[in-house]
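In: Need a 3D model of the sequence below.
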Amino acid sequence: MPHIVHHTDYMAAEIGTARMVETGQGFEAGSYQSFTLTFTAGRFGMDDTGSIRLVHRFASDMPAVQFTDPKAPNYVTAEASNGAVLDLNYNPRLNMRPWGKTLTVSVTRGFLAPGDTITLRLGDRRGGSPGIRLQTFAEDRFEFRVLADVFACFNWALLPDQPWISIIPGPAETWRAVLPTLRRAAEPFSLSLRADDRWGNPSGQVTGRFRLRASRPVQGLPELFEWPAGARAHRIEGLRAEAGDLSITLLDEAGTPLVESNPLRLVPAAELLPFYADMHGQSDETIGTNSARRLAEYARDLAFIDAMCHQGNDFQITADFWRDLNKLTADFNQDGRFVFFPGYEWSGNTALGGDRNVVLKEEGRILHRSCHALVEDLSDANQDALDVRALHAALRAEGNALCLPHVGGRYANLGYAHDKTLERSVEVHSDWGTFDWLVEDAFAAGGRVGIAANSDGHKGRQGASHPGASLFGAYGGLTCYLAKGLSREALWDAMLWRRQYATTGALRAHCDAWLQLEAPAALHRDDPALGGAAVGTTAKAGLGAILSGASGEAAEFGFELAAATPVERIEIRNRTRLLETWRPYAPADLGRRIRILWEGSEYRGRGRETMWRGALRLVGATWRDVRPINRFNLDRCFEADAQGLRFEGVTTGGFMGVEAVLDGPGGTLEIETNLVTATLPLDEIGHQDRVFEAGGLGRRIRAFRLPDVNPHRAIRLSRRLTLRRDEDNAFYIRATFEDGNVLWSSPIYVINDLEAGD
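Out: Numbers count the residues shown, from 1 in each chain. The predicted structure is shown next:
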């Protein structure tokens, strides 16, 4: 890993040593453990007010430690061998990035002589504590990084040998079966299988024999197979089937269903095929987890995606790592199997443009950093782009580059700059949350953009990015590109055309959308405001297309969806206008199943997370079959009984909530939370949302009713929509599924002349 100095190197070898008793392999992710770490003072001892620091990476979701309750989780103690008085303090942002989470043990009275020790017990169980909960995601080398300030001058030395453990997945709990979503009939396809532990890590503890059952005949599909010993996933290749919709169910040997795959639509012919990508993730060379190589292996072999891009923060990428990363992308890139684009995250301050992913078509390109904040070698500082306008200018001049504005720690400030050549899409969803407002920002800036979703994951799980127990608040997304094949060239073409749709939660769903005009209009790949000519004319266009010179007052907008989970609602939108909310059931179809959701965020920037705490109480009624929706952090309270629910949760633009079945008519719902207090007769929960606003950015509680059974997993629908003449038309859908996931189609644009939006 590239070395970035965060500390003094002065005589570090003689400052002291750190040793831990419980080293070794195989500590289960998210489990409670106890560790004893001993610091032994070296040649200089430790002066009065000196200290040691135990630091963890930003990405780690180990909880904050506590020093007051010996019976509670995460209790930590420290003692000096000579009786010196020690003080303990925890601060999640005290040390330099990426090692920000800091436990400090200070000598407040006395000193240490050479050979004296400080014994630090992490998860001290002697008073009844269950221990300290480990981070919820697997890591090859989780380091208990120890620094020491033995001279009491607030300059810490990194000790030469660091204790570490390996964190591994737990037992299998949730099964995944993944098929492509559309392929040509009689051409080969693959079925990919895995089982995740309770925290979303693909488990290596699967054993035994399993059965497969297809909804229609599949050549090459075994009826019975043995799971490979120790494998975290299993892939069955060379399958074939005739035209039609297909799903495959995984069963245990006794015939009990474990999971049904997403549907695969097989068609006689298709020019474009869907390929799933996660173009946004980091590894431990910057602020993520595990190496970039391991990240790519996870994406390809465990998340089952087709393409990726590594997006390390530019101000942490050294010249050595940039060379290594370019070699890695070239080594992994394999047409027809897996596409790996080179790239980096331009991480400028919000006032200067905010976060942009830079995706490059080939290796060997210049790294235009937003700054050298954590890179000491300034030999290439003349290549920096200190604001996003300078970045845009450099990339336009060099060619074969795209920018993806997104929301991370910083958010993309499209009001400061938006480049129509480079910024073909915006990212509306990631581990950080859901950000429909960024699409609206793009519209306001004159953008004609596609919609993307990725993970921006820091936990080493690109393509299947469970948020764990952090404040990220959302399961990462995927972008499905419609391309002529699986290659850099074909996917690049799809990105230029904005031929894509976006999903949350690594959802695989078939989606198509089209616009039928009354007469042919000019078809553009590039925004016509750039001055280029149309590529042809058409009366029917698909995802991401830009049409100009359209005649007539209206057009037919159509779409189709197919997923493994029922559709809850579909919003049909034109730019920022909601034209229709369509549900696949009528008020007469409603039953006793209700949903109560809480959603939204505090505001756009850092600290956007909204913490929800409270209770739902039923008065004069009871419910059953209570289940959470989008509850990813299992540390947070979700305690249900027949009369209600106590809960805690975090939302960052998306939603979480509860579904339950009422036992009868009548009764009242009482909502009492830190943000909303309300009373609602249960009989008034119906087809339309009952909404209780809570300020912030889209922050609210919603309640609505569903049919007892919703069979609608495949939808095909069209609407005749009026073409606006006062601004661009941008027709797209936002579909919500019953499993809590969301899908966005990229807009189809109808503009009225070549100067529009210039």
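In: residue closest to the middle of the chain?
Out: Most central in the chain under C-alpha atoms, centre = their mean is G476, positioned 2.0 Å from the mean C-alpha point.
In: Quick check: it vs G505, distance?
Out: Counting by C-beta to C-beta, to the nearest Å, the gap from G476 to G505 is 8 Å. (Each C-beta comes from the backbone N, C-alpha and C, glycine too.)
In: Pull the contacting residues for L360.
Out: 341-343, 400-401 (C-beta atoms under 8 Å, 6 or more residues apart in numbering).
In: give me the low-pLDDT residue ranges for this structure?
Out: Within the chain, the ranges that satisfy pLDDT under 70 run 1-6, 753-758.
In: In it, which strand is the longest?
Out: Secondary structure of the chain per DSSP state E: the longest strand is strand 510-524.
In: Which positions within that strand qualify as buried?
Out: For strand 510-524, the neighbour count (16 or more other C-beta atoms under 10 Å) marks 510-515, 517, 521-524 as buried.
In: The helix ranked longest in the chain - contacts with which helices or strands?
Out: Assignment by DSSP state H gives helix 319-332 as the longest helix of the chain. On a contact count with 3 or more C-beta pairs under 8 Å, 6 or more residues apart in numbering; DSSP states H and E, helix 319-332 meets helix 292-301, strand 307-310, strand 339-341.
In: just to revisit the earlier point, neighbouring strands of the longest strand of the chain in the sheet, and parallel or not?
Out: The strands beside strand 510-524 in its sheet (DSSP bridges) come out as strand 536-542 (antiparallel), strand 546-548 (antiparallel), strand 554-562 (antiparallel).
In: quick one: the strands in the stretch 451-600 of the chain?
Out: Ranges of strands in the stretch 451-600 of the chain, per DSSP state E, counting those that start in this stretch, are 478-483, 500-503, 510-524, 536-542, 546-548, 554-562, 567-574, 577-582, 593-601.
In: Need the residues that contact the fourth one.
Out: Defining contact as C-beta under 8 Å, 6+ apart, one finds that strand 536-542 is touched by 482, 499, 512-523, 547, 748.
In: And the fifth one, by the same measure?
Out: When contacts are taken as C-beta under 8 Å, 6+ apart, the neighbours of strand 546-548 outside the stretch itself are 448, 515, 517, 521-528, 534, 538, 541, 748-754, 756.
In: just the helices and strands packed on helix 319-332: most buried one?
Out: Mean neighbours per residue, mean count of other C-beta atoms under 10 Å, is largest over these for strand 307-310, with a mean of 27.
In: I'd like to know which elements that strand is packed against.
Out: Against strand 307-310 (3+ C-beta pairs under 8 Å, 6+ apart) you get strand 273-281, helix 292-301, helix 319-332, strand 339-341, strand 343-347.
In: Listing partners with orientation, what would you give for that strand?
Out: strand 273-281 (parallel), strand 339-341 (parallel).
In: Adding distance to D196, write those out as JSON lines.
Out: Formatted as JSON lines, those follow (distance: least, C-beta to C-beta, whole Å):
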{"stretch": "strand 273-281", "distance to D196": "16"}
{"stretch": "strand 339-341", "distance to D196": "24"}
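In: now the helix or strand where I715 lies: how far from the chain's centre is it?
Out: Per DSSP states H and E, I715 falls inside strand 714-722. Here strand 714-722 is found 30 Å from its chain centre; the criterion is C-alpha atoms, centre = their mean, to the nearest Å.
In: same for the helix or strand just after that strand, what does it pack against?
Out: Remark: after strand 714-722, the chain's next helix or strand is strand 729-737, criterion DSSP H and E. With contacts defined as 3+ C-beta pairs under 8 Å, 6+ apart, strand 729-737 has these neighbours: strand 510-524, strand 554-562, strand 567-574, strand 742-745, strand 748-751.
In: ok now do the nearest residue in space to D377 that is not next to it in sequence, which residues does it touch?
Out: Of all residues not flanking D377 in the chain, A319 sits nearest, at 6.3 Å (C-beta to C-beta, 6 or more residues apart in numbering). Contacts for A319 (C-beta under 8 Å, 6+ apart) come out as 367, 377, 379-380.
In: Among these, name the buried ones.
Out: Buried subset of those (neighbour count, 16+ other C-beta under 10 Å): L367.
In: So which of the contacts of A319 is the closest to T350?
Out: L367 (21.3 Å; C-beta to C-beta).
In: gap between that closest one and P98?
Out: 19 Å.
In: next one: A533
Out: On the measure of C-beta to C-beta, A533 and P98 end up 47 Å apart.
In: now S548
Out: 47 Å.
In: Likewise for Q219?
Out: On the measure of C-beta to C-beta, Q219 and P98 end up 49 Å apart.
In: More neighbours: which of those two?
Out: P98 (25 against 11; other C-beta atoms under 10 Å).
In: Return the residues in contact with the residue nearest to the centre of the chain.
Out: When contacts are counted by C-beta under 8 Å, 6+ apart, G476 touches 278, 429-431, 453-457, 461, 463-467, 504-506.
In: Which members of the residues you listed are classed as buried?
Out: The buried subset of the contacts of G476 (16+ other C-beta under 10 Å) comprises 278, 429-431, 453-457, 461, 463-467, 504-506.
In: out of those, which are inside helices?
Out: Reading helices off the buried ones among the contacts of G476, I find no matches (DSSP H).
In: Can you tell me how far A640 is from M656?
Out: Separation of A640 from M656 (C-beta to C-beta): 14 Å.
In: which of these two has more neighbours?
Out: The neighbour count for A640 versus M656, taken as other C-beta under 10 Å, is higher for M656 (23 against 18).
In: Surely the more buried one touches G649?
Out: Yes: counting by C-beta atoms under 8 Å, G649 is a contact partner of M656 at 5.0 Å.
In: Next, show the common contact partners of these two.
Out: Joint contacts of M656 and G649 (C-beta under 8 Å, 6+ apart) are 598, 612, 631.
In: For D301, state which of those is nearest.
Out: Distance to D301, by C-beta to C-beta, is smallest for R631 among the shared contacts of M656 and G649, at 27.7 Å.
In: Leaving out sequence neighbours, find the closest residue to T36.
Out: Per C-beta to C-beta, 6+ apart, closest to T36 is V21, 4.6 Å.
In: gap between the one you found and L54?
Out: 15 Å.
In: With neighbour numbers in mind, choose between these two.
Out: L54 (25 against 13).
In: Quick check: that one is in a strand.
Out: Yes: counting by DSSP: H, G, I helix; E, B strand; the rest coil, L54 is found in a strand.
In: ok, and what's touching stretch 22-38?
Out: In contact with stretch 22-38 (C-beta under 8 Å, 6+ apart) are residues 18-21, 54, 73, 117-125, 130-138, 144, 146, 163-170, 197-199, 201, 469, 634.
In: Restricted to strands, list those.
Out: 18-20, 54, 117-122, 132-133, 146, 164-168.
In: Can you tell me which of the helices and strands packed on strand 729-737 is nearest to T256?
Out: With C-beta to C-beta as the criterion, T256 lies closest to strand 554-562 of the helices and strands packed on strand 729-737, at 25.6 Å.
In: Tell me what angle the closest one forms with strand 577-582.
Out: Relative orientation of strand 554-562 versus strand 577-582 (axes from the mean of the first three to the mean of the last three C-alpha atoms, to 10 degrees): 50 degrees.
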